[in-house]
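J.: Everything below, folded, please.
(4 chains)
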Amino acid sequence: MAWIDKQKNILDFTLSSLLRRKGKNAALVCVYTVVVFVLASIMFFTHAIKKEAMIILKDAPEVLVQRMVAGRHDLIDMKYADEIKKITGVTSAEGRLWGYYYDPLFRANYTLMVPPEFKYQQGEIAVGQGVSRSAVTEEGNIMPFFGMDGKLTSFRIRELLSSESELVTSDLVIMSEQDFRELFGIPKNRVTDLAVTVGNPQEVVTIANKIKKQFPDTRPIIREEIIRTYDTLFDWRSGIMLVVFSGALLAFIIFSWDKASGLSAEERKEIGILKATGWETADVILMKFWEGTVISLTSFLTGMIFAYVHVFFSSAALFEPVLKGWAVLYPQFRLVPYINAYQVATLFFLTVVPYTTATIVPTWRAAIVDPDSVMRT
Amino acid sequence: MILHPAILALLAGSFMASAMLLYSSWFGIQIIRSWDLRSGSELQLGLEKRTYLISTIMSYAFVFQLVSLFLFIYTADSLCTLFVGAMCAAGTLNVNVYGYPAFILKLGNFILAGLWLILNYADNRAHDYPLIRKKYLLLLFITPFLVAETFLQTLYFLGLEAEVITSCCGSLFSKEGRDSLPLLYALPLVPMKLLFYSAMAGTGISGFRFYSRGKGAHMFSAFSLVTFMVSAWFLVHVIVLYIYELPTHHCPFCIFKKEYAYIGYLFYMTLFAGVISGLGVGLLRPFVKIGSMRSFVPEIQKRLALIALASYATFLFLAVYTMSVSALRM
Amino acid sequence: MIYLAVVFVQSAIAAVLAVHAMTAIKAAGPRLERENSVVSDLKLTDLCLFTEARYTRHPAMADRNTAFQDYPFSFEHFPSGSLIPVPEIVRK
Amino acid sequence: MIVLESVKKVFNQGRPNELVAVADASLSIDASKVTVLKGPSGSGKTTLLSIIGCMTRPTAGRIHLGDREITSLPERFLTAVRGETFGFIFQQFNLIRGITALENVMIPAYPKGERYGILKGRAMGLLAMFNLADKSASKAEWLSGGEAQRVAIARALINNPSILIADEPTAHLDTKLSGEFMEIMAGLHRQGRTIIIASHDPVVYESSLINRTVEMRDGRIVQ
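T.: Prediction:
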């Protein structure tokens, strides 16, 4: 296996010559690692949150029906629900009551919501972890809300929603139907929107079409659409981050081009010696190939490891300010590390391919040094 | 357009590959015009040095094509949730008219790059580079295809618009038949099996004949090309059904998934290895008589034939095996 | 030799992380199931990631009359999409 | 054994800074002899030496090595021929700094794909032959002039060439070391190797070892 021994010998020489130029190569590896790290963090984060959203939302209502008035979302009459229930294939149609509440004291937006079955009494509420954090309150405390008439109503907190469901419940305030209607002055037969369940999942689209036809003033939203929208949303966001970051990527490419083409006199002489003593151009290119491989592999692995730790152990601490913006209620969650070979391959493509392309021509230029150049100087 | 990281990666990669190939073609033209090995002029020495660059670029391009082919499929697959009616990569590729042409070009370019490398390998072993002009003509032939691929792929990705919730209504248009494959017609099972097995047999016999007696190189190449196409067609219409154990799911890409133990990679890799080395045998056939190549070309051809035969045999074995262990009976 | 050791250590860490990922995914199963039941019990539709304004809280429920159009393709979909925090003065 | 027919080498052809380094040189060099190319610096010795050593292709003319014509071989094959046939000793020894003497000796053999252990054994053998066994692990830049010179000779011998080419090997050596060098060359000559030296050092061209002297001036062979 002369071929394998040749690769081994050349790799061996490459490693020793890389180690001889520690400073120069360390700088390259550092920059490379940072590039991989940032890209990998973005991708790990968005993929994990996408996947988590998909899993969490798979039990969301199958079809939501909203009423539109003059292009705006409006309350819907429960009569619609009775009619929809009559459509064949529909198992149930229930009203949902929910809305937003801006708390001027803590400058936070809560989502107020009525669950299908409320466990507690009137005048009692359950709140999400984010609400309890921002309002510095806990179980048993009193929480005041301004009603539609400007009067202050107080509620007793009976429960804090579990912290493990924070990704969906952080800003929720759950109360009884009566309280909700009184607080916002919603008439008895009106609800925010309708949640429709369908027996056969393959009929969902047909039924949504039927609803749209029967009630032209509504807009049905299918669960798959919600999931799809989230998918696009996060793809888009990670894409935008990549585009923003592409300047840095470009800088890295130019940097590696420059590193590869800016051979010192010492290196040039060294390649001249190699060629004079019997190395062929292809052998020098092979050596440079191994050099690139070693650098890429080291940086790629290091960058990925750091990104993993960053995203999944520290909950993307470096991104949090960006993602959070000025949201007061930001859920505290730790992502499940969904990673697959596809992501790694994409990452590889995004970093190693540009690096390799940038170094092909400089590598070749270095490799064609004339062997007799060492005799002429 | 969907700003997905993998899409950005594929687009950037393709643009870079095209640029490199255009750059190579430029020197290819110079080589075709002014190559003269007997001359020791600086122009000639310069051109000889260029050949190293172009070989390197082509080797990278070959690897790039292979990886990007799979990444392309994977990306299409991961995007399928964004389109109504798309269940897997097959559906996503059908979202606009550029998907499949881009995919087919990707396939073709990978094979062409492989053939170029075979030619290059043979040529580099002959001390007078007898194929140099032919080699660079082939390069000039490949470049437009790669550029076209980049172009189509860009159009494809630019034309992707996710069907998300819009302001007035949900996206309720249902698109049917997205998962069907264009240009692939199925025959009844028995003729299809007959065709597949006879193509395999033809390749086997002609390959064995070539390997043992050195005759019928062109025939063997023709057979390997036919077998490649027939097998791909058979894979999509028959074998996958046994793998999915569903008589209606024809997706040629789902077999790359984990649920099917990534068996697709084996199927496609053996097909590629088979067709590239099979075609390589015929490609080298005209050059057996060239003085400087006589000593080693037959040996390369034999090795290629062996690779082709082994690959197709593996494919055949995999096919028969999956069909026999499957719970599906047809 | 040193380099091989480095690569070995890196691969080992990567392998450990891969195992960690697998176990973490498995371990997250019950939690996600409980989360699922919260979602189906309360009939929730959206993640609670962007709560700074009502028009960002429920992307699935967005429409064209909100202050920032909530179509997912609009560049400034979320105020938090800006890469630097909004100045203190503007926030009040 | 090596025959040059009207060999010519021009640098920067067709440009204002055109330089004819070797003009119309015809020469035949016998096997197992010691030949010296003699002449002032700039006379084209080094260029002619690199043409003989298959490092450079001539602009015009023909070269025969044994019974093979190698004039128009592309670099890939020229390098292979060179690797099998020639060993080189350079004016400044040209050892690679930062790696050990042993590695320096092994470098020319790396692309041949020999098993590392066997190669290392051979290299150690060569170093031992030149009394350098204890220096094998020292870095190239720590070696003394004489040691560096002997490492360079060992490197030239690692691929067991039949022809040894030395370009001004004594230019940076004192008289004593130059004498030692010539003794080593004498030993190698006794093993049957052909030796070609370019030099304008009397210690070399007046040595009793020399079988033939070729004199050059302005790119032409004078005698």
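J.: can you list the residues of chain D near chain B?
T.: Chain D comes close to chain B at residues D:9, D:12-13, D:57-60, D:71-77, as judged by C-beta under 8 Å from any C-beta of the partner chain. (C-beta placed from N, C-alpha, C; glycine too.)
J.: Give the PyMOL command for selecting the buried subset of those residues.
T.: Only the buried entries of the residues of chain D next to chain B go into this PyMOL selection, using 16 or more other C-beta atoms under 10 Å in any protein chain shown:
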select buried, chain D and resi 9+57+58+59+60+71+72+73+74+75+76+77
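J.: so which of the residues of chain D next to chain B would you say is closest to chain C?
T.: The nearest member of those to chain C, counting by C-beta to the nearest C-beta, is D:R76 at 30.0 Å.
J.: Tell me where the stretch 1-150 of chain B has helices.
T.: In the stretch 1-150 of chain B, the helices defined using DSSP state H, counting those that start in this stretch lie at B:5-34, B:42-79, B:89-93, B:99-125, B:132-158.
J.: Let me have these in CSV, extended by mean neighbour count and distance to chain A.
T.: Formatted as CSV, those follow (neighbours: other C-beta atoms under 10 Å in any protein chain shown; distance: least, C-beta to the nearest C-beta, whole Å):
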stretch, mean neighbour count, distance to chain A
helix B:5-34, 20, 4
helix B:42-79, 20, 4
helix B:89-93, 26, 12
helix B:99-125, 20, 9
helix B:132-158, 19, 11
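J.: C:V19 is nearest to which of those helices?
T.: helix B:42-79 (23.5 Å; C-beta to C-beta).
J.: What is that closest one packed up against?
T.: In terms of contacts (3 or more C-beta pairs under 8 Å, 6 or more residues apart in numbering or on different chains; DSSP states H and E), helix B:42-79 is packed against helix A:281-308, helix A:341-367, helix B:5-34, helix B:89-93, helix B:99-125, helix B:132-158.
J.: Ok, which of those comes nearest chain D?
T.: Nearest to chain D among the helices and strands packed on helix B:42-79 is helix A:281-308; the distance by C-beta to the nearest C-beta comes to 4.3 Å.
J.: Quick check: the farthest pair among the residues of chain D next to chain B?
T.: Taking C-beta to C-beta as the measure, the residues of chain D next to chain B span a maximum distance of 25.7 Å, between D:N12 and D:F77.
J.: ok, residue 40 - contacts?
T.: Picking chain A for this. A:303-304, A:306-308, A:347 (C-beta atoms under 8 Å, 6 or more residues apart in numbering or on different chains).
J.: Chain C was what I was after
T.: Here C:S40 is in contact with A:59-60 (criterion: C-beta under 8 Å, 6+ apart).
J.: ok and the residue in chain D nearest chain C?
T.: For chain D, C-beta to the nearest C-beta, closest residue to chain C: D:Y116, 12.6 Å.
J.: where's that residue relative to A:D5, distance?
T.: 7 Å (C-beta to C-beta, to the nearest Å).
J.: and if you look at A:T363?
T.: The value you get for A:T363 to A:D5, if C-beta to C-beta is used, is 23 Å.
J.: Show me how far stretch D:14-24 is from its chain's centre.
T.: Stretch D:14-24 sits 24 Å away from the centroid of its parent chain (C-alpha atoms, centre = their mean, to the nearest Å).
J.: Over to stretch A:356-370?
T.: With C-alpha atoms, centre = their mean, you get 38 Å for stretch A:356-370.
J.: Least confident secondary structure element in chain A?
T.: The helix or strand of chain A with the poorest confidence is helix A:320-324; it has a mean of 67 (mean pLDDT, DSSP states H and E).
J.: Point out where chain C drops to low pLDDT.
T.: Scanning chain C for pLDDT under 70 picks out C:1-2, C:53-56, C:62-92.
J.: For the stretch 101-250 of chain A, what lies in contact range of chain C?
T.: Within the stretch 101-250 of chain A, the positions near chain C by C-beta under 8 Å from any C-beta are A:102, A:107-109, A:111, A:113, A:115-117, A:128, A:130, A:161-162, A:164-172, A:174, A:193, A:195, A:221, A:225-226, A:229-230, A:232-233, A:236-237, A:240, A:244.
J.: buried sites along stretch A:112-119?
T.: In stretch A:112-119, counting by 16+ other C-beta under 10 Å, buried: A:112-115, A:118.
J.: Lowest-confidence member of the residues you listed, which is it?
T.: pLDDT across these is lowest for A:F118, at 84.
J.: In space, what's closest to whichever residue of the stretch 101-250 of chain B sits closest to chain D - neighbours in sequence excluded?
T.: When scored by C-beta to the nearest C-beta, the stretch 101-250 of chain B has B:H127 as its residue closest to chain D, at 4.6 Å. For B:H127, ignoring the flanking residues on the chain, the nearest one in space by C-beta to C-beta, 6 or more residues apart in numbering or on different chains is D:F77 at 4.6 Å.
J.: can you give me phi and psi for the one you found?
T.: phi -90, psi -30 (degrees, to the nearest 10).
J.: Need the pLDDT of it.
T.: Per the predicted model, pLDDT is 88 at D:F77.
J.: thinking it is in contact with B:D128, fair?
T.: No: counting by C-beta atoms under 8 Å, D:F77 stays clear of B:D128, with 9.1 Å between them.
J.: which parts of the longest helix seen in chain D are buried?
T.: Assignment by DSSP state H gives helix D:175-190 as the longest helix of chain D. Residues of helix D:175-190 classed as buried: D:177-178, D:180-182, D:184-185, D:188-189 (neighbour count, 16+ other C-beta under 10 Å).
J.: Contacts for that helix next, please.
T.: Defining contact as C-beta under 8 Å, 6+ apart, one finds that helix D:175-190 is touched by D:32, D:34, D:130, D:145-146, D:149-150, D:153, D:157, D:164, D:166, D:169-170, D:173, D:195, D:197, D:201, D:203-204, D:207, D:209.
J.: That helix: how far from the chain's middle?
T.: Mean-position distance between helix D:175-190 and its chain equals 15 Å (C-alpha atoms, centre = their mean).
J.: Quick one: name whatever helix or strand follows it.
T.: Downstream of helix D:175-190, the next assigned helix or strand under DSSP states H and E is strand D:194-198.
J.: how near is the residue nearest the centre of chain D to chain B?
T.: The residue lying closest to the centre of chain D (C-alpha atoms, centre = their mean) is D:I165, at 2.4 Å. Using C-beta to the nearest C-beta, to the nearest Å, D:I165 is found at 20 Å from chain B.
J.: Okay then, goodbye and thanks.
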